[in-house]
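S.K.: This is a predicted model, with the sequence first.
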Amino acid sequence: MSLLATTRGPVVIPAPSATGAPVSAAQTRLQSLDVLRGATIVLMIVVNTSGDLAHSYRPLVHAAWNGLTFADVVFPCFLFIVGISLVLSLSGRLRRGAGLPALVRKALRRAAILFVIGVALNGFPWYNLGTLRIYGVLQRIALCYFVAVLLYLWLKPRTLVIVTAAILLGYYALLRWVPVPGYGMPGVDVPFLDPHGNLPAWLDRHVFPASHLYLHGFYDPEGLLSSLPAVASTLIGVLTGIELLKERAGSLKWTLVAGTSCLATGLIWSHWFPLNKRLWTSSFVLLSAGISLIALVLLRWWLDGHSERGRALTPFKIFGINALAAYVFSDFLAVSLTSVRLPHSGVTLIHWLFHPLPAFLPNRYVAGLVCAILFAGVCFLPVWLLYRKRIFLKV
């Protein structure tokens, strides 16, 4: 059986009308969500493939530890979209009479396939089991998706708010007041959020050997404990999806208020709980959620119900509809280009392809950005062909 199911024809995200009656496919597809998802995938590709990987503009490089850059908010935005999408999808199946056990089994299957694809990407092309990284981007998406599905199916929206708040506060309590074995109390015996002496990093080192962690280091940015607040990022998307289904008058205004509130709360909390994408701190969850909410509001205001306005953003829409295919293709291609070395010179293929650009663009940072954009353009070709043939790949 193929890992990816092929769907021909438009993919419909069900949503009720204001009267509760079924609505047509044209009405149910949210252009804004597709464009936001596509823009997120494009930014992921650009961040990961900047020229010779040594010359990248600061906003396109993840913060080394505490702090925030533009690149840091891309992944949480994608998890936010995952939360919205699962609500819009599951709500339609529930209305059609799907049972909870069947929905849970399907969600578990999707999560398992995503996890396996993620591990396969980590091991490509050599698949050395002694150094195979278990954690990863797709693995975290799989975990957050499955947990969010379970919570959405069994809990009421008000309870989901309480659970989300409890996760954020509980994670702060764990990192602030639980002694780290071998280091002591954070903020007393060891600096708060010390790169080595924090609870998530300590747990990562004791779940898997260092050879199986990110860059064979002392922690993993998609590690076990830091996936807990990542679930909160997804749940904020779930709550947003629930609000989208209601389509009440003034919903855009209230979504904007929620986004602004999350943004402000995250900034204020960051004075005590620093913004840190590597540890996925609670302040980082709220700030990135606020940015995602505001971006969604702006796109909904501009695009939804105004199809003619979205023509210039069609490439992002195409990326968004086949987001999984685009991400997997980009990752396999990037690893292939960095793994293949040319005979005699020993230069990797990606460096050889990048080499001519500085001759036309002396600023290597500009050359790196152009290279990343060109790489994203190459990744666009297969998803555009799929779109033209009305083939949409999904787990």
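M.R.: Done, it's in.
S.K.: hey, let's count contacts and neighbours off CA atoms from now on
M.R.: Noted.
S.K.: for the chain, what spans make up the strands?
M.R.: With DSSP state E as the criterion, the chain has strands at 5-8, 391-394.
S.K.: Leu90 versus the residue lying closest to Phe375 once chain neighbours are set aside, what's the distance?
M.R.: Nearest non-adjacent residue to Phe375, counting by Cα to Cα, 6 or more residues apart in numbering: Thr49, 7.3 Å away. Applying Cα to Cα, to the nearest Å, the value for Thr49 to Leu90 is 34 Å.
S.K.: what about those two, which has more around it?
M.R.: A count of neighbours by other Cα atoms under 10 Å puts Thr49 above the other of Thr49 and Leu90, at 24 against 21.
S.K.: Let me see the confidence value for that one.
M.R.: Thr49 is assigned a predicted lDDT (pLDDT) of 83.
S.K.: if I read this right, it contacts Ala334, doesn't it?
M.R.: Yes - checked against Cα atoms under 8 Å, the pair Thr49 and Ala334 is within contact range at 7.1 Å.
S.K.: Do you know the pLDDT at Arg248?
M.R.: 64.
S.K.: neighbours around Lys156, how many?
M.R.: Per other Cα under 10 Å, the neighbour tally for Lys156 reads 10.
S.K.: if we can go back for a sec, among the strands of the chain, which gets the worst mean confidence?
M.R.: strand 5-8 (a mean of 36).
S.K.: what ranges do the helices span in the stretch 251-395 of the chain?
M.R.: Along the stretch 251-395 of the chain, counting by DSSP state H, counting those that start in this stretch, helices occupy 251-269, 282-303, 314-321, 323-339, 349-354, 357-360, 364-388.
S.K.: for those helices, which one sits closest to Asn66?
M.R.: helix 282-303 (10.0 Å; Cα to Cα).
S.K.: Name the residues of that closest one that are buried.
M.R.: 282-297, 299-300, 303 (16 or more other Cα atoms under 10 Å).
S.K.: Output the below-cut-off pLDDT ranges for the protein.
M.R.: 1-29, 51-53, 248-250, 395 (pLDDT under 70).
S.K.: if I pick Thr348, what's in contact with it?
M.R.: By Cα atoms under 8 Å, 6 or more residues apart in numbering, the contact set of Thr348 is 337-342.
S.K.: Tell me, how many residues neighbour the closest residue to it other than its chain neighbours?
M.R.: Take Thr348 and drop its neighbours on the chain: the residue closest to it by Cα to Cα, 6+ apart is Arg341, 4.2 Å away. Arg341: 16 surrounding residues under other Cα under 10 Å.
S.K.: what about Arg341, distance to Leu349?
M.R.: As judged by Cα to Cα, Arg341 and Leu349 stand 6 Å apart.
S.K.: now Lys246
M.R.: Distance of Lys246 to Leu349, given as Cα to Cα: 51 Å.
S.K.: Arg37 too?
M.R.: 30 Å.
S.K.: ok, now Ala201?
M.R.: Separation of Ala201 from Leu349 (Cα to Cα) stands at 34 Å.
S.K.: so how far is Trp202 from the closest residue to Met185 other than its chain neighbours?
M.R.: Closest residue to Met185 apart from its sequence neighbours, by Cα to Cα, 6+ apart: Pro179 at 4.3 Å. Pro179 sits at a distance of 11 Å from Trp202 (criterion: Cα to Cα).
S.K.: Could you pull out the buried residues of stretch 377-384?
M.R.: Within stretch 377-384, the residues that count as buried by 16+ other Cα under 10 Å are 379-380, 382-384.
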